[in-house]
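Q: After the sequence you'll find the predicted model.
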Amino acid sequence: MEEGKEDSVGGNVKVICRFRPLNEREAITGDLIGVNISDDNKNISLQSSTESGEPLKFNFDYVFRTTSQQRQVYEISAKPIVEAVMQGFNGTVFAYGQTSSGKTFTMTGPDLENPETMGVIPRMVTTVFDMISNSDPYIEYAVRVSYCEIYLEKIKDLLDINKTNLKVHEDKTKGVFIAELTERYVAAETDVYEIMKYGLENRNVGSTNMNSQSSRSHSIFLITITQTNNRDYMAKTGKLYLVDLAGSEKVGKTGATGKRLDEAKNINKSLTMLGLVIYSLTDGKSTHIPYRDSKLTRVLQDSLGGNSKTALIITCSPSLYNEAETISTLRFGMRAKAIKNTPKINREYTVAELKLMLAKCREEMAKKDRRIKMLEDQLKSLGGKVPESYVKEIRDDEEGEVEAQAENNKNEDYDEIIAELEDVRTKLTEEVKISKRMETEVKDKMEEVNLCNGKIFQLTQEIKSLKDKIPDSTQNIQDRENLIERLQVTKEALESERFLLNQKIIDLEKKIGEKDAEIHEITNKSSSPGQRNSVNNFKDLLKSEREINSGYQKEIQQLRQNVSDLLNKKCPESRINEIMKDEIGRRERDKWVDERKKIILDLQTRIDKVTELEIALDDAKVNCKALESYMSEGERSLKKKTDTLERNLEQLTLMYQQLISQKSQLGVDKQLTEKRLNRMTDRNKTLEEENSRLQMLYETAEMKIAQLSEESFCNSNKNSRVSIGVMNIKKTIMGGNPASKRPSVILAKNPFSEE
Ligand SMILES: Nc1ncnc2c1ncn2[C@@H]1O[C@H](COP(=O)(O)OP(=O)(O)OP(=O)(O)O)[C@@H](O)[C@H]1O
């Protein structure tokens with residue numbers, strides 16, 4: 001067929017009628033409409049249950065019975081359209097019918113990817129990619145898809161929910177189009193399904209009494225296929241509109257109220273406008289077609305009476321209950337069948353093609369110049385001269401011819417070329433705009449990715465350092481446990497020593513009591529006044545010694561108390577438990593052990609001193625006995641004894657002083673130990689705080705990782721929709737390329753998943 005020229009074959013809108021099976025509700029009564037379908041599946045004879053007289057007659061391109069299969073419907077109604085689109089025609093397939101009559105079932109099908117039940121749209125997509133993979137390898141294809149809906153007289157972009165009120169424009173080369181409608185490049189069937197699913201999620205559906213998932217809007221799925229022949233650089237673009245209209249329902253039957261009622265009124269209004277346009281197109285009288293009276297008719301302007309090959313599928317219920325709607329639908333179909341379209345191949349001059357044309361023109365002119373020159377030379381050689389008048393005539397003729405040619409060209413080609421050039425320029429500007437936008441989008445995305453990578457790196461470092469700290473903490477805990485064990489042992493040893501010390505003190509007290517008794521006895525035995533005197537002196541001495549002794553005892557008692565206090569204060573069970581919790585440095589723990597050792601040593605020394613005291617007391621006892629035996633020997637010997645006693649006393653005093661200084665030293669030690677304990681407690685607190693901070697950091701890091709992993713997973717899912725929502729990189733497919741049968745959108749691998 002000649003390019004750019006009207007398709008003489010099948011300019012009329014094709015109308016296909018499909019009856020769906022009875023649904024559950026209708027099957028209860030089982031009453032069927034009185035329909036008779038001719039054997040050639042083209043004519044319907046309908047005997048109305050309400051009107052008597054002749055049956056109503058309808059004629060369509062094909063009538064599908066209730067048992068029809070999705071594949072059959074596609075082959076007859078839509079496949080010829082998609083084949084035409086692949087030749088560069090515009091095509092439209094749209095479904096019309098009352099609510100729940102099977103429009104969506106026919107157009108989309110219950111499952112996009114089920115080969116049995118998939119509807120017209122997915123089957124068309126399959127055909128497109130099949131044809132691409134079977135075409136010549138020097139043909140380059142670019143397939144773009146858009147998805148929108150008309151809801152309450154507003155065009156909503158289903159691939160970008162922010163675009164809620166798109167405008168319809170018209171231009172000489174593009175025809176009627178929706179401005180700023182999102183277009184996504186696709187390279188495989190699965191890309192298209194992804195986009196369809198994404199768009200379907202954004203669609204307006206609502207339940208009516210007649211259908212639980214009723215379409216409340218008209219949906220338009222647009223596939224644009226541009227093919228460029230890389231040999232002659234010719235380009236063609238075919239647009240395929242796939243329209244699922246909202247149900248043509250009777251408001252009363254659907255039980256619609258409130259918002260649903262508004263919707264229903266609006267749907268009915270736009271469908272009435274569609275009917276009016278069809279009526280105006282077919283009544284043979286109308287000079288004005290009211291395309292602009294509704295968004296739906298405006299968008300479908302080319303599909304109805306314009307540059308498009310169009311198929312209308314009317315869907316009907318076979319139930320008697322829906323007889324009125326079915327008759328109305330059949331009448332609508334009959335009207336639409338009379339619409340004449342003027343489809344033409346949308347040929348585009350590519351820049352290369354225009355250059356070729358220019359080169360051809362130049363060559364032609366050069367040829368002509370050469371011929372003129374040759375003729376002039378011939379004339380000259382014959383001695384002749386081209387007469388002025390003739391030259392003038394020729395010039396005039398040529399000029400006239402050139403002008404006429406130019407006029408002709410201008411009329412025939414140049415207008416078109418200029419328009420094409422204009423179109424190419426607009427397209428290039430648009431593409432530049434798009435690529436600039438894409439560049440910024442890619443840049444933004446890259447920045448985001450870099451940011452994410454930075455975060456991941458930082459978190460990984462944090463986790464690493466936390467992990468490094470774990471063995472240290474484990475070692476600390478182990479050390480603490482060891483220290484506690486050692487302290488426990490030390491405590492037990494100290495307690496047993498304290499017990500021994502107590503025993504010795506008790507023994508000492510007992511011995512002092514005995515000594516007292518002995519002295520009393522000696523006093524009573526003394527008879528002579530000199531002796532008594534000496535004895536009395538000695539008694540005084542002993543008394544003072546006893547006083548000193550009792551002082552010693554008090555001191556010892558005090559010391560004992562101090563030791564016990566020290567033990568209780570320094571190492572009570574609770575303290576040990578506290579220490580157990582502390583994270584003490586090894587050096588400090590060792591110091592503490594040394595302190596303990598010192599204290600034990602100190603105690604040992606003191607016990608030794610007490611033993612020495614005991615020995616001294618024993619000596620005193622011996623002296624007393626000696627005094628007893630020497631009493632009779634006179635004062636001299638008594639004096640001697642007294643001296644010995646005095647010496648003993650001096651010794652005892654010295655010991656006492658030593659004990660006092662040791663006691664004060666012990667007090668200082670105690671203070672020091674207490675200070676150290678405080679320091680250790682503080683350090684422990686700091687360590688505990690640090691530990692809980694680290695723990696928190698670790699938990700935050702883990703949470704962040706989980707969050708990042710989730711974000712990354714979401715991003716990878718989002719990325720899998722790159723062609724849907726974020727970036728739209730031009731994908732070209734070479735003819736004969738089987739890759740177009742495979743998915744081109746690959747899900748990014750989740751870096752945190754096990755796999
Ligand atoms: N040819 C068919 N074979 C089997 N089931 C069908 C057929 N046509 C429609 N159905 C079923 O009938 C119900 C209604 O169909 P569908 O949703 O396609 O109607 P609709 O015309 O698109 O309705 P609405 O205008 O409310 O969106 C669905 O459950 C669908 O599966």
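A: Sure thing, it's come through. Bear in mind the structure is a predicted one, so any value in this text is a computation, not a measurement.

Q: near the ligand, which residues of the protein show up?
A: Proximity of the chain to the ligand, by Cβ under 6 Å from any ligand atom, involves residues 20-21, 23, 97, 99-105, 110, 211, 214-215, 246-247, 315. Glycine gets a C-beta too; all of them are placed from N, C-alpha and C.

Q: buried subset of these?
A: Buried by 16 or more other Cβ atoms under 10 Å: 20, 23, 97, 99-105, 211, 214-215, 246-247, 315, out of the residues of the chain next to the ligand.

Q: Now the two most distant members of those residues.
A: Pairwise distances across those peak at 18.7 Å for Asn23 and Ala246 (criterion: Cβ to Cβ).

Q: quick one: contacts for Leu358?
A: With Cβ atoms under 8 Å, 6 or more residues apart in numbering as the criterion, no residue contacts Leu358.

Q: before we move on, back to that, so which one among the buried ones among the residues of the chain next to the ligand has the lowest pLDDT?
A: pLDDT is lowest at Asn211 among those; the value there is 51.

Q: and whatever residue of the stretch 351-500 of the chain ends up closest to the ligand, how many neighbours does it have?
A: Nearest residue of the stretch 351-500 of the chain to the ligand: Ile434, at 34.0 Å (Cβ to the nearest ligand atom). Per other Cβ atoms under 10 Å, the neighbour tally for Ile434 reads 13.

Q: Just the mean pLDDT for stretch 221-231, thanks.
A: 91.

Q: Run through who's touching it.
A: Stretch 221-231 has contacts (Cβ under 8 Å, 6+ apart) with 85-86, 88, 121, 124-125, 128, 135, 138-148, 181, 183, 192, 196, 199, 234-244, 348, 350, 735.

Q: The helix or strand containing Cys148 packs against which elements?
A: Using DSSP states H and E, Cys148 falls within strand 139-151. Contacts defined by 3 or more Cβ pairs under 8 Å, 6 or more residues apart in numbering; DSSP states H and E place strand 139-151 against helix 120-133, strand 154-157, strand 184-186, helix 189-201, strand 218-229, helix 295-299, strand 732-734.

Q: The helix or strand hosting Asn450 - contacts with which helices or strands?
A: According to DSSP H and E, Asn450 maps onto helix 415-525. Applying 3+ Cβ pairs under 8 Å, 6+ apart, one finds that helix 415-525 makes contact with strand 347-349, helix 351-381, helix 529-570, helix 573-581, helix 586-630, helix 635-719.

Q: again, only using 10 Å
A: strand 168-171, strand 347-349, helix 351-381, helix 388-409, helix 529-570, helix 573-581, helix 586-630, helix 635-719 (3 or more Cβ pairs under 10 Å, 6 or more residues apart in numbering; DSSP states H and E).

Q: ok, of the ones you listed, where does mean pLDDT dip lowest?
A: If you rank those by mean pLDDT, helix 573-581 sits at the bottom with a mean of 52.

Q: wait, doesn't the residue of the stretch 351-500 of the chain closest to the ligand sit right on Glu180?
A: No - Ile434 is not in contact with Glu180 according to Cβ atoms under 10 Å; the separation is 11.4 Å.

Q: show me what contacts Phe94?
A: Residues in contact with Phe94 (Cβ atoms under 10 Å, 6 or more residues apart in numbering) are 13, 103, 107, 120, 218, 220, 241-245, 274, 296, 300, 303-304, 310-314, 336.

Q: cool, and Leu22?
A: Residues near Leu22 by Cβ under 10 Å, 6+ apart: Ile28, Thr29, Gly30, Asp31, Leu32, Thr66, Ser317, Pro318, Ser319, Tyr321.

Q: Doesn't the last one lie inside a helix?
A: If I follow you right, that is Tyr321. Yes - judged by DSSP: H, G, I helix; E, B strand; the rest coil, Tyr321 forms part of a helix.

Q: Which stretches in the stretch 201-350 of the chain count as helices?
A: 251-254, 258-282, 295-299, 323-337 (DSSP state H, counting those that start in this stretch).

Q: Looking at the last one now, give me its mean pLDDT.
A: Model confidence over helix 323-337, given as mean pLDDT, is 92.

Q: so what does it touch, helix or strand wise?
A: Using 3+ Cβ pairs under 10 Å, 6+ apart: helix 323-337 touches strand 14-19, strand 34-37, strand 43-47, strand 56-59, strand 91-97, helix 258-282, strand 309-316.

Q: now the angle between strand 43-47 and that helix, please.
A: 150 degrees (axes from the mean of the first three to the mean of the last three Cα atoms, to 10 degrees).

Q: Next, the angle strand 14-19 makes with helix 323-337.
A: 160 degrees.

Q: Would you indicate which residues of helix 323-337 are buried?
A: Residues of helix 323-337 classed as buried by neighbour count (16+ other Cβ under 10 Å): 323, 325-330, 332-337.
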